[in-house]
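Student: Sequence and computational prediction follow.
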Protein chains: 2
Amino acid sequence: LLPPPIADLGEDALIERIRKRAGVPPAWLALGIGDDAAVLIPDRNRRIVVTTDCLVEDVHFRRAWGRFNAVGHKALAVTLSDLAAMGATPRACLLSLALPPRLPLADFDELIDGFCGLAASARAPLAGGNLSRSPGPLVIDVTALGSAHPRRVLTRSGGRPGDELYLSGRIGGAAAGLAILERPDQTGALPATEHVVARFSKPTPRLRLGRLAADSRAVTACVDLSDGLADAVHRIARASGTGAAIDAGSVPVDELPGERSEDGLLEVMAGGEDYELLFAVAPRRRGAFLAAARRCPDAPVTRIGQLTRDPAVVLAGENRLQSIPPGFRHF
Amino acid sequence: LLPPPIADLGEDALIERIRKRAGVPPAWLALGIGDDAAVLIPDRNRRIVVTTDCLVEDVHFRRAWGRFNAVGHKALAVTLSDLAAMGATPRACLLSLALPPRLPLADFDELIDGFCGLAASARAPLAGGNLSRSPGPLVIDVTALGSAHPRRVLTRSGGRPGDELYLSGRIGGAAAGLAILERPDQTGALPATEHVVARFSKPTPRLRLGRLAADSRAVTACVDLSDGLADAVHRIARASGTGAAIDAGSVPVDELPGERSEDGLLEVMAGGEDYELLFAVAPRRRGAFLAAARRCPDAPVTRIGQLTRDPAVVLAGENRLQSIPPGFRHF
């Protein structure tokens, strides 16, 4: 007996299932799910920070993995990670789904549960969205709205030569987790399997760290690691008009393919999906930044290098400098 | 020789093409395309109104039609229509694309041109977005942000028995236009072909009408006609706790299948995509509403019925009342 698909229900019934899971809206949400649009009361003297991100089946996840709770969680997490990188406080989110009609209702419910679980803990209530039919993959588009102090918005472009680069957490875990999910037959041989799978499938957006770092007034530039550390370093350097030097020995890595080597590190730096934050910090404000970071012990920060006047972006190893490739995202 | 596909370019090059087409951002957009998120300066003493909508290839449009300019226009138009129905003024939009890698670059450019053309005329500048690869259909997700006076937000739920129902423009054109696009071989036989095709493929969001109607303080409820007039009437009636009676002879129709009949009208009322607005208006404020509507001569309003104490939603014809089916949107 096949499980019932969402096609057995109408759009209104699915929206009702979402509304039940979304919980009670907070006071700043003047109008939530169920009208033509959502209405928010803006925070006084704050900027609106808004971003959108998307998970596509067979690009970012596979239905065969199951783990729909993680898929729902991650769709919101990757979007909130952008707010974290701006130092913004989440206020609300919107969920737009393109749904294959044969998707089992239980998977739909699990996806919504995962989404709403993170929405509740991040205080980013689901305020509205859209449901469409998809003739192909399941597509999950998320918009997140937040607010930030006008003078404490963290952009990519404020870095200066000499600023120190700090990374939250570790890199490489998500890529290792993805490799395990793609080849489940080899899973048994790898240590710490569930830890790195969770790094890929249920990332934690570094919202508190981003907000506290912004409040420290020490951060000159920030970006999240959606497309890898190499990409993040290049983006801050390019936007700030600087170069960067990364100290190969200092980068905290979850998993390395084979022996720890500089080539192995470059490979890990090119991998994405770790959703950590990279900060450029003015040296004279280092103390304020580190004090803020200590309040977020779940993702300790590590100094991994600095911005440079020389426009090159390089990895400084024991005996040599080599340039870090910028990465090229194909379609 | 095949045209170059977007896969020949990287994500950054595509974003650069979008940025060029997006034009110069207005002052309220503190940070636009190119960072982790966009930053907006909120309007003082106004609410934030936010909504999202989506076009999916082979559900809402076909690539074989060409008309990518119209596809880009429509993706934003259907989203802005939700802001119009709230009486909100657009402030910014976000565009999230899931792109098939073989999509010709010329089609991508045309889509962005159509999108940015409407963004400019509606003063809803493109502030950011996301690009993903799609292994299946082209998916266009749009988020629109607007602002509205706290006491002049038009919801669906404020209607009262006795309120008059007004419709902007005419219905049925979009469905007729879709029928022509789906059967191009029969096009020659139909009159006014391009007019109704444009009604389907390049709808005009009724932003000015929605805003002026909200300012008139005459409107008790409003909804847009994305899913048809029957659906719109049901939604206002249900949210307001009323019924509704529609006068069959009064509904302005673009195209009727065959002779004008009540069954034909019900069919047209069940069709969607006209993106007109349906208003409930307090009778004592009728004059203020009509004065506002006269300032939007491109979509004149017509009184088509009223809200009723009786909870039924009915079509009043010459000799009989019949109930209007609520519609059921399948997946």
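Tutor: Yes, it's here. What you see is a predicted model; the values in this text were computed from it and never measured.
Student: Right, and chain B sits closest to which residue of chain A?
Tutor: With C-beta to the nearest C-beta as the measure, A:G136 is the residue of chain A nearest to chain B, at 2.3 Å. Backbone N, C-alpha and C define where each C-beta goes, glycine included.
Student: Distance-wise, check that residue relative to A:L207.
Tutor: Per C-beta to C-beta, to the nearest Å, A:G136 is found 33 Å from A:L207.
Student: swap in A:R294?
Tutor: For A:R294 relative to A:L207 (C-beta to C-beta), the value is 17 Å.
Student: before we move on, back to that, with neighbour numbers in mind, choose between A:G136 and A:L207.
Tutor: Higher neighbour count among A:G136 and A:L207: A:L207, with 25 against 22, using other C-beta atoms under 10 Å in any protein chain shown.
Student: for the longest helix seen in chain A, packing partners?
Tutor: Using DSSP state H, we find that the single longest helix of chain A is helix A:68-86. Counting contacts by 3 or more C-beta pairs under 8 Å, 6 or more residues apart in numbering or on different chains; DSSP states H and E, helix A:68-86 packs against strand A:47-56, strand A:89-99, helix A:105-121, strand A:139-148, helix A:193-201, helix A:207-215, strand A:219-224.
Student: Skipping its backbone neighbours, what lies nearest A:A214 in space?
Tutor: A:G87 (2.7 Å; C-beta to C-beta, 6 or more residues apart in numbering or on different chains).
Student: For the one you found, grab the count of nearby residues.
Tutor: So A:G87, with other C-beta under 10 Å, has 26 neighbours.
Student: would A:E318 count as being in a helix?
Tutor: No: judged by DSSP: H, G, I helix; E, B strand; the rest coil, A:E318 forms no part of a helix; its state is coil.
Student: That one is in contact with A:A248, isn't it?
Tutor: Yes: using C-beta atoms under 8 Å, A:E318 is in contact with A:A248, at 7.4 Å.
Student: can I get the helices and strands packed on helix A:68-86 in TSV with distance to A:A230?
Tutor: Formatted as TSV, the helices and strands packed on helix A:68-86 follow (distance: least, C-beta to C-beta, whole Å):
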stretch	distance to A:A230
strand A:47-56	20
strand A:89-99	28
helix A:105-121	27
strand A:139-148	25
helix A:193-201	18
helix A:207-215	21
strand A:219-224	12
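Student: Among these, show the one with the smallest mean pLDDT.
Tutor: Mean pLDDT is lowest for helix A:193-201 among these, at a mean of 90.
Student: Counting by contacts, list what that helix packs against.
Tutor: Short answer (3+ C-beta pairs under 8 Å, 6+ apart): helix A:193-201 packs on helix A:68-86, helix A:173-182.
Student: Give me the contact list for that helix.
Tutor: A:61, A:65, A:67, A:70-71, A:74, A:173-178, A:180-181, A:187, A:190, A:254-255, A:273-274 (C-beta atoms under 8 Å, 6 or more residues apart in numbering or on different chains).
Student: Give the buried residues for it.
Tutor: Residues A:193, A:196-201 are the ones in helix A:193-201 that count as buried (16 or more other C-beta atoms under 10 Å in any protein chain shown).
Student: Likewise for stretch A:244-264?
Tutor: For stretch A:244-264, by 16+ other C-beta under 10 Å, it's A:244-246, A:248, A:251, A:253-255, A:262, A:264.
Student: By pLDDT, rank those residues and give me the bottom one.
Tutor: Confidence-wise, A:E255 trails the rest of those, at 66.
Student: who touches A:R47 in this structure?
Tutor: A:147-150, A:153, B:30, B:39-42.
Student: would you put the C-alpha positions of the helix or strand that A:R286 is a member of in PDB?
Tutor: Per DSSP states H and E: A:R286 is located in helix A:286-294. Output of helix A:286-294 as PDB, limited to C-alpha atoms (Å, rounded to 0.1, in the frame of the first residue of the first chain):
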ATOM      1  CA  ARG A 286      40.300  42.300  18.500                       C
ATOM      2  CA  GLY A 287      39.600  42.100  22.200                       C
ATOM      3  CA  ALA A 288      36.000  43.200  21.800                       C
ATOM      4  CA  PHE A 289      35.500  40.700  19.000                       C
ATOM      5  CA  LEU A 290      37.000  37.800  21.000                       C
ATOM      6  CA  ALA A 291      34.900  38.700  24.000                       C
ATOM      7  CA  ALA A 292      31.800  38.600  21.800                       C
ATOM      8  CA  ALA A 293      32.900  35.300  20.300                       C
ATOM      9  CA  ARG A 294      33.500  33.700  23.700                       C
END
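Student: for the record, mean pLDDT for it?
Tutor: 98.
Student: Mind giving me the packing neighbours of it?
Tutor: Against helix A:286-294 (3+ C-beta pairs under 8 Å, 6+ apart) you get strand A:164-168, helix A:207-215, strand A:301-308.
Student: That helix versus helix A:207-215: what angle between them?
Tutor: In terms of direction (axes from the mean of the first three to the mean of the last three C-alpha atoms, to 10 degrees), helix A:286-294 departs from helix A:207-215 by 160 degrees.
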